[in-house]
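Asks: pasting a predicted model and its sequence here:
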Amino acid sequence: MEASQFKSLFLPCHSKLYAVAWRLTGNSQSAEDLVQETFLRLWTKRDQLDGVENAEAYSITILRRLFYDVQRSGHIVESDAEIGKMTLKSSQDLNREIESADEMERIRKLILQLPDPQGKVMLMRDIEDRPYEEISKATGLTEVNVRSVLSRARKRIREQIKEMKR
């Protein structure tokens with residue numbers, strides 16, 4: 001397959017591929033990386049693609065397979081460091097990490113249980129790290145109200161955490 005034929009067949013699929021990739025990854029950068037990886041895979045197989053009837057469906061299939069392959073591989077990262085210089089984390093560090101992750105999950109669940117707009121505002125500010133101005137536009141509240149709602153939400157979460165520790 002010639003480059004011009006490849007471009008005319010597969011490049012129009014970019015927006016559809018990006019939409020599918022974004023739904024799979026939930027992240028724009030990861031989605032774009034996945035689309036690029038898909039185009040790379042298609043390009044390397046371009047000599048075998050002459051019989052493809054539906055380029056969009058074929059490219060989406062390749063994209064999904066790439067995504068699931070990465071998910072199955074468990075994101076194994078190779079290292080160039082020498083084995084002798086590598087260290088294992090101590091079990092105490094590992095326990096701290098597990099406890100920290102559990103605590104974050106419990107806090108996230110508490111935030112999700114907050115009434116609107118407290119839960120929404122707290123998620124946007126403390127989890128998504130959005131600025132007050134953006135939260136104000138998204139919720140329709142003034143920035144002063146956003147700060148007030150956030151303060152009440154944080155106070156409620158602190159009280160619930162104290163209750164849990166008793």
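Replies: Cool, the structure landed.

Asks: outline the domain layout of the chain.
Replies: As given by automatic domain parsing, the domain ranges for the chain are 3-73, 103-165.

Asks: strands along the protein, start to end?
Replies: Counting by DSSP state E, the chain has no strands to list.

Asks: flag the shaky bits of it, pLDDT-wise.
Replies: Along the chain, the model assigns pLDDT under 70 to residues 74-93.

Asks: okay if I get the domains of the chain as TSV plus mean neighbour count?
Replies: Any C-beta I mention is one placed from the backbone N, CA and C, and that applies to glycine too. What follows is the domains of the chain, written out as TSV (neighbours: other CB atoms under 10 Å):
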stretch	mean neighbour count
domain 3-73	15
domain 103-165	15
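
Asks: now the ones you listed in CSV, with distance to residue 97?
Replies: Below are the domains of the chain laid out as CSV (distance: least, CB to CB, whole Å):
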stretch, distance to residue 97
domain 3-73, 22
domain 103-165, 11
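
Asks: out of the ones you listed, nearest to residue 96?
Replies: domain 103-165 (10.4 Å; CB to CB).

Asks: setting aside sequence neighbours, what's the nearest residue to residue 119?
Replies: Leaving out its chain neighbours, the residue that sits closest to residue 119 by CB to CB, 6 or more residues apart in numbering is residue 111, at 5.6 Å.

Asks: hmm, the one you found is touching residue 158, no?
Replies: No - Residue 111 is beyond contact range of residue 158, at 12.0 Å (criterion: CB atoms under 8 Å).
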